[in-house]
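Novice: Give me a 3D structure for the following:
(chains A and B)
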Protein chains: 2
Amino acid sequence: MITVKSTDELYTAYQQKMQQVADVRNAMAVLGWDQETYLPEKGAAFRGQQLTTLSTIAHELFTAPELGEILQELRHRGDLSPRQQKNVALSLEDYEKNKKYPSSFVADLSQTTNTCYHAWIKARKANSYAEFEPLLAKMILLKQQETHILGYEGHPYNALLNEYEKGASTAMLDKVFDAAKTALTPLLQKVMQQPAVDSSFLHRHYARQPQWDLGMALLKDMGYDMAAGRQDISEHPFTTSFSPQDVRVTTRIDENDFGNMTWSCIHEGGHALYEQGLNPEEYGLPCGEAASLGIHESQSRLWENNVGRSLAYWQHYYPQLQRSFPDHLQQVPLEQFYKAINQVKPSLIRTEADELTYHFHVMIRYEIEKGLLEGAYTTKDLHQVWNAHYRQYLQVTVPDDTRGILQDIHWSHGSFGYFPTYSLGSFYAAQFFAAAQQQLNGLTEQIAAGQFGPLLAWLRENIHRHGRYYTSNELCEKVTGQPLDFRYFLEYAEGKFLD
Amino acid sequence: MITVKSTDELYTAYQQKMQQVADVRNAMAVLGWDQETYLPEKGAAFRGQQLTTLSTIAHELFTAPELGEILQELRHRGDLSPRQQKNVALSLEDYEKNKKYPSSFVADLSQTTNTCYHAWIKARKANSYAEFEPLLAKMILLKQQETHILGYEGHPYNALLNEYEKGASTAMLDKVFDAAKTALTPLLQKVMQQPAVDSSFLHRHYARQPQWDLGMALLKDMGYDMAAGRQDISEHPFTTSFSPQDVRVTTRIDENDFGNMTWSCIHEGGHALYEQGLNPEEYGLPCGEAASLGIHESQSRLWENNVGRSLAYWQHYYPQLQRSFPDHLQQVPLEQFYKAINQVKPSLIRTEADELTYHFHVMIRYEIEKGLLEGAYTTKDLHQVWNAHYRQYLQVTVPDDTRGILQDIHWSHGSFGYFPTYSLGSFYAAQFFAAAQQQLNGLTEQIAAGQFGPLLAWLRENIHRHGRYYTSNELCEKVTGQPLDFRYFLEYAEGKFLD
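Specialist: Here you go, the predicted model:
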């Protein structure tokens, strides 16, 4: 029956089916966004059930035999464009991977994710890992099962890692993180020997409304399209997308910490620019999706750090910032502000860490995740392991669970293999930014003039519009002429922090 | 296979399937809520597509043969409780009705609703019915098809009417509306001969924040559970429910019209109390749903009018209102305020109409809808027909389309047969409120003391908790001892407006 259809008809049928899956997933994203922003307290239980149902439906739609037949048939058609071929090949790959998951596993995972997430919230409030531990144990068990469902070469961790970063492996990560550890440990020591800068002015009282106004202005200036997105408040900042024309960010405001909101806005804005830059005509198709989490993170971090923590950026914004908060900043020269916002200091909380120590936070989680999957640790050991790692890598003592093992949402969401992409993102960002500086004339001067259009156009052209057409490795080679190389980050970090 | 299952197993399977349908429909409700409150402009197109997909899925789930088999089997089981029996009977009825709809029709209707709705928004902005007319024509065509799909006895309008008010018919409505027209026309004339009251103070400048605070306070005082709901701003106020534990209301604030927000809060609050009072253990099942739109509206109007426009209500709130807006109200005695908020005056806009002329607005729409379905009018005539009806029934001249035929969202949503339930709601409300006054000792005094707990408990006990167990007629007889009788409303109106 199918073989008599023209390639156009088949491709259209494929596209329609993929759009249906995307519609359900994006509906889930709306429900998820609402859950983090506006959901009333008692609504949580039914919301969890609603998400589970949608997740089951999305899974069923994406594993329907008819879709598989269409994909198999399309794969052998010679008259597809290269971009169409890539969509079909990637969808087939996704399809076959999804087929591996039994519906019962999907429902179980969704339900466990929901209960685990709520247990994490409760445990955090109670400052008690013990309350979270049994649910985390169940989650790990499911994740171990998932490695078997998916299959893997080498380390079981690779199965999960590839969900976020296709082509990555523990072998590759071990190499990058070894290089990072080897180079960053002495760099960190050197930096710590520099005279401390007084950054107390960042922790005075910064009123909500002017903070919010600043964040909105920064987002707009970056090129974030407010007619195709919006910002709201949530406990943890995030970006979510329901289509390239509805990409939302959230932030939080800490009235005693100027930096908290500012760089979360820039960071989430970087993610959002990527999503807004995807091709709306490929909605639901792989090439209309982000390349990988590492590449996604490269976009947020490029804006947050390479741009948003640069001297040039604040040459532009600092005068108006001083006008907004004269009591705190009028007496603080730009150079002191710049040093204060780039202060390096080992600390307890990953999301508040500076650009250097940040990667040690990630390495700790990476090592723990590998250990849990190998069975080298159990969730009962984790408390000890976490605290020991923090002592060893960052020379800090973890005072309680909220500031320790309960600080991240990821495990409660079942996101194992996710953390390494944060570091990859920083490393890709440094390499991309170096390429942009080489290819764009006077990028630093443009940033100092508050002109972000050329940089955004460069990112749209070189990265955003491709979607998943290239893997992260391929994209990196295409944009920068070589595979991921930690030395770009090191060069950037030495230039900035040893200055 | 099925027959070997126990009744418990079967009933559980039935319940699970119904909950899945409810999950998808409630997800649609979340997307719809977001569309009216927070959706960025460019997000509308993909949102429409997402809603269409979910609507198709809900339809497919609710017409799945397996559900039908379970229902048929359960219908013959003798060991169900009366409530379970009612759930099964109603679900079977719904199921068989839904089976009548071809998937293609459902998708077409959803898509047309979306384009029609956006055309209505555009046409309203342009103040041009001509822009909306072709899409409305397409909608009418679909609705005519729908009457054939559903089948009907008597008038084709009955098919659509029964979607909102089971058991209602044009015969019943013609009778009620004839009685209303006959009695309200002379009453209106008498009322209009009374000396006019100065109500200009209601249209001074009332700042947003104190208006919002007042609305929130009124909602909370009524017994609306803010942990199981929330209020947001939208262009048109509405209530939506994602479960009895997440029932949301919206309002709008007009800084030059005190009444606009106040009674929208009380009105939507009345709807919301009903939804919050449904049985969460019957989530997804008929007896966990509202009885009908007429009964739903009876709850909003009982609170809005019988309570919220009563002298007793403002005996309680007026002193604090005067404190909130001393410039406008300090010199206005309670009696003048009470008369001003109950002023009767024929006008153009249904949603702003007083309690008496309101029903003429509804009758006009009812007559037009009947005429469209009969083919007595086409959408091209409608402009003329609308304006002529307003001259005849309300002696007002319609100056433009925005204040005329484009004022209501309903037709753009395909909601034909909906308007009559508004009047039914008022009439039921009067009859219910009379019963409550008889059964509760000192209801008026309780209201004057700001004590709404006894009234809410009475509504919960007599109306809310039943869900769809009784039809609106049955419920009315059970609660008040007799079927719907227009004389209760007339008595209430005469008592209030001829006072």
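Novice: Can you name the secondary structure element that comes next after the helix or strand in which A:D94 is found?
Specialist: A:D94 is located in helix A:82-99, with elements delineated by DSSP states H and E. Using DSSP H and E, the helix or strand that follows helix A:82-99 in sequence is helix A:103-126.
Novice: Tell me which residue in the stretch 301-450 of chain A sits closest to chain B.
Specialist: Closest contact between the stretch 301-450 of chain A and chain B, by Cβ to the nearest Cβ, is at A:H413 (19.5 Å). In short, each C-beta sits where N, CA and C put it, glycine included.
Novice: Now do the same for that residue: its pLDDT.
Specialist: The per-residue pLDDT reported for A:H413 equals 91.
Novice: residues touching A:L302, list them.
Specialist: A:G270, A:A429, A:F432, A:F433, A:L459 (Cβ atoms under 8 Å, 6 or more residues apart in numbering or on different chains).
Novice: secondary structure class for it?
Specialist: Under DSSP: H, G, I helix; E, B strand; the rest coil, A:L302 falls in the helix class.
Novice: Local confidence estimate at it?
Specialist: For A:L302, pLDDT reads 98.
Novice: And A:I2, by the same measure?
Specialist: So A:I2 comes in at 48 (pLDDT).
Novice: what residues does the stretch 1-150 of chain A put near chain B?
Specialist: Counting by Cβ under 8 Å from any Cβ of the partner chain, the residues of the stretch 1-150 of chain A close to chain B are A:19-20, A:23-24, A:26-28, A:30-31, A:34, A:38-43, A:45-47, A:49-50, A:52-54, A:57.
Novice: Narrow those residues to those that are buried.
Specialist: Among those, the ones that count as buried by 16 or more other Cβ atoms under 10 Å in any protein chain shown are A:19-20, A:23-24, A:26-28, A:30-31, A:34, A:38-40, A:42-43, A:45-47, A:49-50, A:52-54, A:57.
Novice: measure whichever residue of the stretch 1-150 of chain A sits closest to chain B to A:Q49 for me?
Specialist: Nearest to chain B, among the residues of the stretch 1-150 of chain A, is A:G43, at 3.1 Å (Cβ to the nearest Cβ). Separation of A:G43 from A:Q49 (Cβ to Cβ, to the nearest Å): 11 Å.
Novice: Repeat that for A:A436.
Specialist: 46 Å.
Novice: So which of the contacts of A:L302 is surrounded by the most neighbours?
Specialist: A:G270 (29 neighbours; other Cβ atoms under 10 Å in any protein chain shown).
Novice: wait, doesn't that residue sit right on A:W303?
Specialist: Yes. The pair A:G270 / A:W303 is scored as a contact, 3.4 Å apart, by Cβ atoms under 8 Å.
Novice: overlap in contacts of these two?
Specialist: In contact with both A:G270 and A:W303: A:M222, using Cβ under 8 Å, 6+ apart.
Novice: Show the contacting residues for A:V176.
Specialist: A:S423, A:L424, A:F427, A:L484, A:F486.
Novice: likewise A:Q343?
Specialist: So A:Q343 contacts A:A196, A:V197, A:S199, A:D354 (Cβ under 8 Å, 6+ apart).
Novice: now the lowest-mean-pLDDT helix or strand in chain A against helix A:82-99, angle please.
Specialist: Taking mean pLDDT, DSSP states H and E as the measure, chain A has helix A:103-126 as its least confident helix or strand, at a mean of 91. Put simply, helix A:103-126 runs at 80 degrees to helix A:82-99, going by axes from the mean of the first three to the mean of the last three Cα atoms, to 10 degrees.
Novice: on that earlier part again, so which of the contacts of A:V176 reach chain B?
Specialist: Okay, of the contacts of A:V176, nothing touches chain B (Cβ under 8 Å from any Cβ).
Novice: Helix or strand: which one has the closest residue to A:S310 other than its chain neighbours?
Specialist: Sequence neighbours aside, A:I447 is the residue nearest to A:S310 in space, at 6.5 Å (criterion: Cβ to Cβ, 6 or more residues apart in numbering or on different chains). Here A:I447 sits within helix A:443-448, counting by DSSP H and E.
Novice: what element comes up after that helix heading to the C-terminus?
Specialist: helix A:453-462.
Novice: Heading C-terminal from that next one, find the next helix or strand.
Specialist: Assigned by DSSP H and E, the successor of helix A:453-462 is helix A:472-480.
Novice: what is the mean pLDDT for that following helix?
Specialist: Mean predicted confidence for helix A:472-480 is 97.
Novice: now the angle from that helix to helix A:453-462?
Specialist: 130 degrees.
Novice: list the helices and strands helix A:472-480 packs on?
Specialist: helix A:293-301, helix A:420-439 (3 or more Cβ pairs under 8 Å, 6 or more residues apart in numbering or on different chains; DSSP states H and E).
Novice: Could you dump those helices into TSV and include distance to B:A168?
Specialist: Putting the helices and strands packed on helix A:472-480 into TSV (distance: least, Cβ to Cβ, whole Å) gives the following:
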stretch	distance to B:A168
helix A:293-301	54
helix A:420-439	58
